[in-house]
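Q: Next come a sequence and a model predicted from it.
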Amino acid sequence: MNDVPESHPRYVSLKLRDTIVAGVESGVTSIHGLMAHGRGEAFDYLIGEQTQPFAMDAIRAGAATLLLAEHPVISVNGNVAALTPGELVAFSNVLKAPLEVNIFHASKAREQAIQEHLKKHGAVHVLMPTTEAQLSFIDSNRKFVHPEGIFHADVVFVPLEDGDRCEALQKMGKTVVTVDLNPMSRTAKQAGVTIVDNVVRALPLLIQEMQRLQKASPIVLREIGSQYSNDKILQAAVQWICRER
Ligand code: ATP
Ligand code: MG
């Protein structure tokens with residue numbers, strides 16, 4: 001994207017588009033991931049391409065939920081790996097939680113490419129899907145998980161999640177913290193905490209918030225969780241999208 005000046009009003013959005021295209025070209029992102037990204041772009045446009053207060057509230061609750069978890073796990077798909085590889089590694093280090101590759105469109109080569117991409121950005125160990133452990137209530141490739149990762153987790157961070165798997169994770173008693181620009185998606189509605197924001201903005205803020213809350217007592221963290229209502233947050237996001245312009 002050499003010919004777009006930084007002053008272009010769509011500069012950041014166009015750069016992100018380039019990043020996701022590069023992800024497809026290097027085998028990290030599925031071609032279908034472009035469509036998911038396009039849907040995200042449309043919602044980001046409506047949201048104003050800035051982190052809104054409803055996202056900040058969810059980031060706070062998400063950080064508290066993840067800090068209280070006994071076995072938190074970070075699920076990584078091809079879009080997130082392409083957009084925020086360094087942030088995922090930093091997040092995994094701060095939370096002391098493993099990264100686990102989990103993709104919708106089955107491809108061993110792509111799973112491998114994601115793992116290598118994360119390692120290039122500093123990940124030491126990346127959990128991979130196995131046939132030994134499978135999620136119940138789901139038929140797609142995403143049911144294959146790692147026995148010590150998502151299968152064992154009590155809280156799963158799954159940005160850009162598919163509604164089906166979010167529901168399956170919840171039915172298995174796991175809490176889901178997600179990032180999804182569409183407050184009307186099934187994922188957004190199913191999750192325990194939905195951060196309605198672009199993952200490229202949300203992840204650095206989530207890391208910051210986690211660092212800030214790291215020394216907080218479990219009582220304080222539980223209080224943050226108990227005051228949080230995901231339904232209200234989603235309502236606020238929809239109202240913001242439908243605001244008069
Ligand atoms: P669901 O199955 O939950 O109803 P869906 O089928 O509409 O959702 P998927 O294709 O399964 O959506 O997942 C993509 C989701 O990720 C979309 O809701 C899209 O808005 C969102 N998304 C795409 N790119 C980003 C991004 N960069 N940051 C945050 N969310 C994003
Ligand atoms: Mg879906």
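A: Structure's in. What do you need? Numbering: from 1, shown residues only. Ligands and ions are numbered 1, 2, ... in the order given.

Q: What strand or helix carries residue 194?
A: Residue 194 belongs to strand 193-195 when assigned by DSSP states H and E.

Q: Over to residue 166?
A: Per DSSP H and E: helix 163-171 holds residue 166.

Q: Report whether that helix contacts ligand 1.
A: Yes. Helix 163-171 is in contact with ligand 1 by CB under 6 Å from any ligand atom, via residue 163. For the C-beta atoms, the positions are set from N, CA and C on the backbone; glycine is no exception.

Q: What's the first helix or strand after that helix?
A: strand 175-179.

Q: picking that back up, contacts (any at all) between ligand 1 and the strand holding residue 194?
A: No. Judged by CB under 6 Å from any ligand atom, strand 193-195 stays clear of ligand 1, getting no closer than 8.2 Å.

Q: Need the residues that contact the next helix or strand after that strand.
A: Next helix or strand after strand 193-195 toward the C-terminus (DSSP H and E): helix 199-213. Residues from elsewhere that reach helix 199-213 (CB atoms under 8 Å, 6 or more residues apart in numbering): 16, 50-51, 55-56, 59-60, 62-64, 66-67, 79-80, 83-84, 87-88, 90-91, 94-95, 159-160, 179, 195, 197, 220-221, 224.

Q: picking that back up, output the contacting helices and strands for the strand holding residue 194.
A: Applying 3 or more CB pairs under 8 Å, 6 or more residues apart in numbering; DSSP states H and E, one finds that strand 193-195 makes contact with helix 53-68, strand 175-179, helix 230-241.

Q: Distance from that strand to the middle of the chain?
A: Chain-centre distance of strand 193-195: 9 Å, with CA atoms, centre = their mean, to the nearest Å.

Q: What of stretch 11-18?
A: Worked out by CA atoms, centre = their mean, stretch 11-18 lies 19 Å from the chain centre.

Q: can you check stretch 23-39 too?
A: Centroid separation for stretch 23-39 versus its chain: 15 Å, with CA atoms, centre = their mean.

Q: just the helices and strands packed on strand 193-195: most buried one?
A: Stretch with highest mean neighbour count among the helices and strands packed on strand 193-195: strand 175-179 (a mean of 26; mean count of other CB atoms under 10 Å).

Q: Quickly run through the sheet partners of it, with directions.
A: strand 155-157 (parallel), strand 193-195 (parallel) (DSSP bridges).

Q: could the ones you listed go into a markdown table alongside mean neighbour count?
A: Converted to a markdown table, the strands paired with strand 175-179 look like this (neighbours: other CB atoms under 10 Å):
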| stretch | mean neighbour count |
| --- | --- |
| strand 155-157 | 28 |
| strand 193-195 | 29 |
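
Q: Any idea which of those gets closest to ligand 2?
A: strand 193-195 (14.3 Å; CB to the ion).

Q: what does that closest one contact?
A: By CB under 8 Å, 6+ apart, strand 193-195 touches 55, 58-59, 61-62, 65, 175-180, 183, 187-188, 202, 206, 228, 230, 233-234.

Q: picking that back up, would you list the strands paired with strand 175-179 in a markdown table and tack on mean pLDDT?
A: Below are these laid out as a markdown table (pLDDT from 0 to 100):
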| stretch | mean pLDDT |
| --- | --- |
| strand 155-157 | 98 |
| strand 193-195 | 98 |
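
Q: what's the average pLDDT for the helix holding residue 166?
A: Averaged across helix 163-171, the pLDDT comes to 92.

Q: What are the buried residues along that helix?
A: Across helix 163-171, burial judged by 16 or more other CB atoms under 10 Å covers 164, 165, 166, 167, 168, 169, 170.
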